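*Asks:* task: produce atomic coordinates for the following.
(chains A and B)
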Amino acid sequence: MEMIRKLPLEQGNEVAAVRRLLRSLLSLEEVDAVFAPLRTAPGRTIFPGLVSDAERIDAVDPVSASFPLNAAQLLGKLTRKPTGAFLVAYLRPCEIRAAIERAKLHQGSLDEVILIGMDCCGALSNRDVRTFSYLVSEDPDAMVREAVRTGEFRFPEGLSLTAACRSCTAFTPDAADISVCLFGSKEDGVPVRAGTEKGRKFLERLRLEVMADDALGEREAVVSRLRERRAAFREAMFETTRAAVDSPGKLATYFADCVLCTNCRVACPICYCRECVFLTDVFDHEPLQYRTWSRKHGAVRLPRDVMFFHLTRLVHMSTGCVGCGQCSNACPNDIGVMELFTTIASGTQQAFGYVPGRRLDEPPPMTVFEADELAEVVG
Amino acid sequence: MEAYEPTIVAFVCNWCTYTAADLAGTSRLEYPKNIRLIRVMCTGMVDPQYVIKALLEGADAVLISGCHPGDCHYMNGNFKARRRMKLLQEILPRFGFDRNRLRLTWIGASDGIRFVETMHEITRQVRELGPSGVREAVGF
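*Replies:* Now for the predicted structure:
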């Protein structure tokens, strides 16, 4: 059983406690930078960034509802070549899953990365974050305190977490090197636990006080209550979505507003192809071909490849979908991309018994095969 | 009003199924005109996109056919094809494409007769399923 360590709550403040953890790790000789969400003035939205100076760690906002992009994409840029020093990466559970999945897809390496995850209180969409920042309560720390108690941020004025978050049952950082067990933490401190050998080695160097094994009891209660609620929402979302697309006509209607901007593809951490086939000349159809289609069908809506794009993306990446919801966040026309992709991904992942980002040594299903399998497919 | 005749696109591998189709031809065996052969070097090069494209353009069924497991000219192309077909059979039926419109068969080079029998059987089944209705449903 992994030892539970304590991050003391100075100023009764979880946020300060996490900053202290990051500062301590940064002070270790082998670590030369921290990758974490930064609140950079004068912006309201929080963006991932690098911090090398311990005094600047105060810019880190480790428990916020701002989630403009999946930071796992940026992590690839930071780790595609070795640098000789460790990077502490503080990420949401879905970003950790994406980072592990991307490492398996050769988009960066986790060799020099110490993955720190936290129990995630959820996020707002980009639009809602801008609205919400005008309504920030006078005591943001109280908001965090409340979120940590229940497992979820609560907002005024009818704002709510994104649908991706409300349907997420994987809100604990199971695969992280070090987990910050925020949920249910009490006034004396936040439990921190290593999840890997690497995490254990680094955590031990911080010489944090050990906590009793039952220190995570309250967390388990919060997690199981929240998971139950989320699972119900998730099932309902799957049912609604399946019914909304169960014929080609319905699927076309689902994407009726799609302009093929491919923002969903850009925002998706799993869609890593630099030269997505849809952006190549394969889709520069001949002008005469367009006239042929128009003649053959009488009329044709343009751009034409909307269904083809989404069906292809589903087939190419659904086994890797981590449910972060950035696709819906990025869509300029409010299409339920996340709802569809998460629903289909649930099926394809189950079909192969695969969970993306669960383990670094678990190969993605479309990269391996057996000589003898899947007989039910043939015939 | 003509009776509905399905259009079935078949991606067949050069070394096995295409050779079987060729054998059927030289043996003067007949198989339905509904089958439109697309010759590929190996079933392992059939990107699921090709299957989706065929269906979206109005094919009533798509068949991928190649060498028996263990006999692939490129060792493991057909194993990859099998995984990809599994994926397609999991995803496309969710959108109303009957699973029986997505077929994978192993037909070896000497199986000219088996090729003909399989094509007849699949055509009969897809005729019974009716048109895929994609073009009408999607409208534009």
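
*Asks:* mind listing the helices for the stretch 101-250 of chain A?
*Replies:* A:126-132, A:140-150, A:163-166, A:197-205, A:217-244, A:248-254 (DSSP state H, counting those that start in this stretch).

*Asks:* hang on, I meant chain B
*Replies:* Under the criterion DSSP state H, chain B contains helices at B:17-26, B:48-56, B:77-91, B:112-129, B:134-138.

*Asks:* low-confidence ranges in chain B?
*Replies:* B:1-2, B:139-140 (pLDDT under 70).

*Asks:* residues of it that sit close to chain A?
*Replies:* Taking Cβ under 8 Å from any Cβ of the partner chain as the criterion, chain B approaches chain A at residues B:48-49, B:52-53, B:56, B:69-70, B:76, B:79-80, B:82-92, B:94-97, B:103-106, B:132-135, B:137-140. Where you see a C-beta, it was placed from the backbone N, CA and C, and this is true even at glycine.

*Asks:* if I look at A:Thr240, how far off is B:Cys42?
*Replies:* A:Thr240 sits at a distance of 41 Å from B:Cys42 (criterion: Cβ to Cβ, to the nearest Å).

*Asks:* now for the residue most central in space within chain A: which residues touch it?
*Replies:* Centroid check for chain A by Cα atoms, centre = their mean gives A:Cys94 as the closest residue, at 2.7 Å. Contacts for A:Cys94 were tallied using Cβ atoms under 8 Å, 6 or more residues apart in numbering or on different chains; they are A:Asn70, A:Cys120, A:Cys168, A:Ala170, A:Val322, A:Gly323, A:Cys324, A:Gly325.

*Asks:* could you measure from the last one over to A:Arg166?
*Replies:* In other words, A:Gly325. 10 Å.

*Asks:* residues near residue 118, how many?
*Replies:* As the question left the chain open, I've gone with chain A. A:Met118 is flanked by 27 other residues according to other Cβ atoms under 10 Å in any protein chain shown.

*Asks:* meant chain B, my bad for not saying
*Replies:* B:Thr118, neighbours per other Cβ under 10 Å, totals 23.

*Asks:* next one: B:Gly25
*Replies:* Taking other Cβ under 10 Å as the criterion, the count of residues near B:Gly25 is 14.

*Asks:* before we move on, back to that, who has more neighbours, A:Thr240 and B:Cys42?
*Replies:* Taking other Cβ under 10 Å, A:Thr240 and B:Cys42 do not tie; B:Cys42 has more neighbours (22 against 12).

*Asks:* that one contacts B:Phe11, correct?
*Replies:* No - taking Cβ atoms under 8 Å as the definition, B:Cys42 is not a contact partner of B:Phe11, at 10.0 Å.

*Asks:* between A:Gly325 and A:Arg166, which is the more surrounded one?
*Replies:* Set A:Gly325 next to A:Arg166 and count neighbours by other Cβ under 10 Å: A:Gly325 wins out with 27 against 16.

*Asks:* for that one, list the residues it contacts.
*Replies:* Here A:Gly325 is in contact with A:Cys94, A:Thr162, A:Ala163, A:Ala164, A:Cys165, A:Met338, A:Thr342 (Cβ under 8 Å, 6+ apart).

*Asks:* okay, those residues in a markdown table with pLDDT next?
*Replies:* Output for the contacts of A:Gly325, formatted as a markdown table (pLDDT from 0 to 100):
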| residue | pLDDT |
| --- | --- |
| A:Cys94 | 98 |
| A:Thr162 | 97 |
| A:Ala163 | 97 |
| A:Ala164 | 98 |
| A:Cys165 | 98 |
| A:Met338 | 98 |
| A:Thr342 | 98 |
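
*Asks:* what separation do you get for A:Ser160 and chain B?
*Replies:* A:Ser160 sits 27 Å away from chain B, going by Cβ to the nearest Cβ, to the nearest Å.

*Asks:* give me the pLDDT for that residue.
*Replies:* Here the pLDDT value assigned to A:Ser160 is 92.

*Asks:* what helix or strand is A:Tyr90 on?
*Replies:* Applying DSSP states H and E as the criterion places A:Tyr90 in strand A:86-91.

*Asks:* mind listing residues that contact that strand?
*Replies:* Residues contacting strand A:86-91 (Cβ under 8 Å, 6+ apart): A:18, A:22, A:25-26, A:28, A:30-37, A:60, A:62, A:71-72, A:75, A:78-79, A:99, A:112-118, A:173, A:176.

*Asks:* pLDDT of it, averaged?
*Replies:* The pLDDT scores in strand A:86-91 average 98.

*Asks:* centre of the chain to it, how far?
*Replies:* 15 Å (Cα atoms, centre = their mean, to the nearest Å).

*Asks:* ditto for stretch A:161-181
*Replies:* Counting by Cα atoms, centre = their mean, stretch A:161-181 comes out at 8 Å from the chain centroid.

*Asks:* give me the neighbour count for A:Val300.
*Replies:* 15.

*Asks:* whoops, A:Ser224 was the one
*Replies:* If you count neighbours by other Cβ under 10 Å, A:Ser224 ends up with 11.

*Asks:* equivalent analysis for A:Thr367, please.
*Replies:* A:Thr367 has 11 nearby residues by other Cβ under 10 Å.

*Asks:* what distance do you get for the closest residue in space to A:Asp141 that isn't next to it in sequence to A:Met143?
*Replies:* Nearest residue to A:Asp141 in three dimensions, chain neighbours excluded: A:Asn13, at 5.5 Å (Cβ to Cβ, 6 or more residues apart in numbering or on different chains). Counting by Cβ to Cβ, the gap from A:Asn13 to A:Met143 is 12 Å.

*Asks:* quick check: residues of chain A near chain B?
*Replies:* A:242, A:245-252, A:277, A:297, A:299-301, A:307-308, A:311-312, A:314-316, A:318-319, A:344, A:347-348, A:351-352, A:365-366, A:369-374, A:377-379.

*Asks:* recalculate using a threshold of 6 Å.
*Replies:* Within chain A, the residues that sit near chain B (Cβ under 6 Å from any Cβ of the partner chain) are A:245-249, A:251-252, A:299-301, A:308, A:311-312, A:314-315, A:344, A:347-348, A:351, A:369, A:374, A:377-378.

*Asks:* just the ones in helices from the contacts of strand A:86-91, please.
*Replies:* Residues of these located in helices (DSSP H): A:Val18, A:Leu22, A:Leu25, A:Leu26, A:Ala72, A:Leu75, A:Leu78, A:Thr79, A:Ala99.

*Asks:* tell me the contacts of the third one?
*Replies:* Contacts were defined as Cβ atoms under 6 Å, 6 or more residues apart in numbering or on different chains; by that measure A:Leu25 touches A:Val31, A:Val88.

*Asks:* need the contact list for the residue sitting nearest the centre point of chain B.
*Replies:* Geometric centre of chain B, nearest residue: B:Leu63, 1.2 Å, by Cα atoms, centre = their mean. Going by Cβ under 6 Å, 6+ apart, B:Leu63 touches B:Ala10, B:Arg103.

*Asks:* can you tell me how far it is from A:Arg219?
*Replies:* In this view, B:Leu63 and A:Arg219 are 53 Å apart by Cβ to Cβ.

*Asks:* same check, this time on A:Cys168
*Replies:* Distance, A:Cys168 to A:Arg219, by Cβ to Cβ: 17 Å.

*Asks:* ok, A:Phe132 next?
*Replies:* As judged by Cβ to Cβ, A:Phe132 and A:Arg219 stand 26 Å apart.

*Asks:* again, but for A:Leu226
*Replies:* 10 Å.

*Asks:* do the same with A:Asp128
*Replies:* Counting by Cβ to Cβ, the gap from A:Asp128 to A:Arg219 is 27 Å.
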